[in-house]
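1. Need a 3D model of the following:
(chains A, B and C)
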Amino acid sequence: MPELPEVETIANGLQKRVSGDRIESVWLGSKPEPLKSPAAEIARALEGSRIDKVRRVGKHIVFDLRSRTDKSRRQWIVHLGMTGRMLVTSAEAELPRHAHLVAKLASGRELRFVDPRRFGRLEVRQTEFNGPGAEPLLISSEDFARLFHRRAAPIKASLLNQNLLHGVGNIYADESLFRAGIRPRRRANSLTRAELARLHTALREVLQEAIAAGGSSVSDYVDADGEAGFFQLQHRAYGREGQPCLVCKTKIKKIVVAGRGTHYCPKCQK
DNA sequence: ATACCGACCTGTCAGC
DNA sequence: TGCTGACAGGTCGGTA
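-> As a prediction, this is how the structure comes out:
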């Protein structure tokens, strides 16, 4: 579900609403555990901790925690998978289906992790989490080009590879390739310097515009307040198969690349 | 080392 | 109405 702009929106919302609050108790759903750390360890790390800060790293939400008792620091890492939500609600609000974690806050509210498909992951760590790859909004044009220029895989598959860049998913891969005028199936190592530079610029622009719009709500993404984003209204390729290209009116095509639905303009993208 | 492909889950929607 | 299959913002592990 959520890619960089959506996770950024959620993390910013959480930072505004719960930083400084304290987690008093934690309820963890029983059967299926979307957990990378043992449930007991997660509960132990969260309970009694103050939330110092909430931020995004790649597609992960990072909660910086500080223990009340021994002042030790922990990081609670949340990956939302395809359908995960992290919501701040009143304690009275009805608990939705597929809630897997509820953290009661000192303020009386609840922080709830809800994930129907259970692709999301929760983890607690003591060491700094930097994510697997580079940040698309921070990387220089030269470093960006260096990541891709020897890769034999299709450029779209390379954009989705979180070990290179993290945070780019299916929507923003398609949107940035459209803006850069590059076909998704092109091998990354076939792109010219100029094309890589265009892609770097296009990707940053798309991500920044999407963050400004609060992310894309294609089906069920909502921010920490339960509000939808509206960048989907500005998509130029993703989800527009059969519709006229906004630049040249050619019909947008849909193919499969790296196992993912992929949208592009056969005329504008070379 | 790299790259496909199914698996992991549930919900929704189109087609019959 | 109801069934079946395809598909969905993501990642992982096995295999070629």
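
2. how about the residues of chain A near DNA strand C?
-> A:1-3, A:6, A:58-59, A:79, A:81-83, A:117, A:119, A:160, A:162, A:169-171, A:217-221, A:259-261 (Cβ under 7 Å from any atom of the strand). (C-beta placed from N, C-alpha, C; glycine too.)

3. Next step: those restricted to helices.
-> Those of the residues of chain A next to DNA strand C mapping onto helices are A:6, A:160, A:170, A:171, per DSSP state H.

4. quick check, nearest of the residues you listed to DNA strand B?
-> residue A:160 (10.3 Å; Cβ to the nearest atom of the strand).

5. Could you export the ones in helices among the residues of chain A next to DNA strand C as a markdown table, including neighbour count, distance to residue A:49 and pLDDT?
-> Shown next, in a markdown table, are those (neighbours: other Cβ atoms under 10 Å; distance: Cβ to Cβ, whole Å; pLDDT from 0 to 100):
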| residue | neighbour count | distance to residue A:49 | pLDDT |
| --- | --- | --- | --- |
| A:6 | 28 | 25 | 94 |
| A:160 | 21 | 34 | 92 |
| A:170 | 19 | 34 | 94 |
| A:171 | 25 | 34 | 93 |
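
6. Residue A:212: which of the residues you listed is nearest?
-> residue A:6 (12.8 Å; Cβ to Cβ).

7. Surely that closest one touches residue A:213?
-> No. Here residue A:6 does not reach residue A:213: they are 10.5 Å apart, not a contact under Cβ atoms under 8 Å.

8. Residues that sit against both of the two, list them.
-> residue A:229 (Cβ atoms under 8 Å, 6 or more residues apart in numbering).

9. Greatest separation within the ones in helices among the residues of chain A next to DNA strand C: which pair is it?
-> A:6 and A:160 (15.6 Å).

10. how about the strands of the stretch 51-200 of chain A, start to end?
-> A:60-67, A:73-79, A:85-90, A:99-105, A:109-114, A:121-125 (DSSP state E, counting those that start in this stretch).

11. name the helices or strands packed onto the last one?
-> Okay, so that is strand A:121-125. On a contact count with 3 or more Cβ pairs under 8 Å, 6 or more residues apart in numbering; DSSP states H and E, strand A:121-125 meets helix A:39-46, strand A:73-79.

12. Which pLDDT value belongs to the nearest residue to residue A:67 once chain neighbours are set aside?
-> Leaving aside its chain neighbours, residue A:67 sits nearest to residue A:49 (5.4 Å; criterion: Cβ to Cβ, 6 or more residues apart in numbering). For residue A:49, the model assigns a pLDDT of 97.

13. quick one, what contacts residue A:49?
-> A:22, A:23, A:65, A:66, A:67, A:68, A:74.

14. possible to save these as a markdown table with neighbour count and pLDDT?
-> Formatted as a markdown table, the contacts of residue A:49 follow (neighbours: other Cβ atoms under 10 Å; pLDDT from 0 to 100):
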| residue | neighbour count | pLDDT |
| --- | --- | --- |
| A:22 | 18 | 98 |
| A:23 | 23 | 97 |
| A:65 | 21 | 96 |
| A:66 | 16 | 96 |
| A:67 | 16 | 92 |
| A:68 | 11 | 87 |
| A:74 | 20 | 94 |
